[in-house]
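# Have a look; sequence and predicted model below, questions after that.
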Amino acid sequence: MARSRPRRLALWLLGAAAAVVVLVVGGTFVYFHFIAGPTPAPLGLKTSGSVRASGNPAAASSSVAGSWQVSRGSLVGYRVQEVLFGQNHTAVGRTGAITGHITISGTTVTSGAITVQMATITSDASERDAQFRGRIMDTSSYPTATLTLTRPIALAPLPAVGVVRTYTVSASLTLHGHARQVTFPLQAERTAQGIEVSGSIPILFVDWGIPNPSFTGFVTTQDHGVLEFLLKFGRS
């Protein structure tokens, strides 16, 4: 009888461990799929390539030359694929704390830059945000990220209001204190209120000296993510 006690104890411990695993994995599944809600859709122009305009012929020829400032409703953020206790999840963080401008001469964007306050980026999890501001992005040492145009963008022929066009952009992106050249497609649209642009930039963490967001034993992530943005510009 005495010999069976260690065996029963071992079986009990194994059963308890299995129950904990089931509870953790099951609880994580329930949280992601029923409590946290759906992952925010990628940032983009609402028209997504369609025409939203009134059809006013003069709209196509009206000038866009001048200075434009980032206005209310702009967003910048990240998307990273992560696995938490075996459950796949897309981590999304965003902020509206953005300043910047573009300058257009004729039908050419000659200069432009935006600055993002990194410590204001938040997601749906305070623990993730604490890791982002601390170990990952070290926002106390690197409080801002900047994107600066390095080549002009030719807009001609100038599209009408409500028509979405895609342009190739070359810029310098500074993240985590590291600056690198990036080239990416950008969608732009003239609206009744101004100009809206949207795009995304793939980010390989090591290129900007960013530690992999994985947290050993709990969360694993890919070694890359996406910086996404939706910027609204009004005349300055």
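Perfect, I can see it now.
# looking at this, Glu127 is in a helix?
Yes. The assignment for Glu127, made by DSSP: H, G, I helix; E, B strand; the rest coil, places it in a helix.
# distance of it from Arg133?
Distance of Glu127 to Arg133, computed by Cβ to Cβ, to the nearest Å: 11 Å. For the C-beta atoms, the positions are set from N, CA and C on the backbone; glycine is no exception.
# out of these two, which sits in the busier spot?
Under the criterion of other Cβ atoms under 10 Å, the comparison of Glu127 against Arg133 puts Arg133 first, with 17 against 11.
# Would you enumerate the residues in contact with that one?
By Cβ atoms under 8 Å, 6 or more residues apart in numbering, the contact set of Arg133 is 118-119, 139-140.
# And the strands in this structure, which stretches?
Ranges of strands in the chain, per DSSP state E, are 66-70, 75-84, 87-95, 98-105, 108-117, 144-149, 153-154, 164-175, 178-190, 195-204, 219-221, 224-235.
# JSON lines for those strands, including mean neighbour count and mean pLDDT?
What follows is the strands of the chain, written out as JSON lines (neighbours: other Cβ atoms under 10 Å; pLDDT from 0 to 100):
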{"stretch": "strand 66-70", "mean neighbour count": "16", "mean pLDDT": "98"}
{"stretch": "strand 75-84", "mean neighbour count": "20", "mean pLDDT": "92"}
{"stretch": "strand 87-95", "mean neighbour count": "18", "mean pLDDT": "91"}
{"stretch": "strand 98-105", "mean neighbour count": "17", "mean pLDDT": "98"}
{"stretch": "strand 108-117", "mean neighbour count": "18", "mean pLDDT": "98"}
{"stretch": "strand 144-149", "mean neighbour count": "18", "mean pLDDT": "98"}
{"stretch": "strand 153-154", "mean neighbour count": "16", "mean pLDDT": "98"}
{"stretch": "strand 164-175", "mean neighbour count": "16", "mean pLDDT": "97"}
{"stretch": "strand 178-190", "mean neighbour count": "16", "mean pLDDT": "97"}
{"stretch": "strand 195-204", "mean neighbour count": "19", "mean pLDDT": "98"}
{"stretch": "strand 219-221", "mean neighbour count": "17", "mean pLDDT": "81"}
{"stretch": "strand 224-235", "mean neighbour count": "20", "mean pLDDT": "97"}
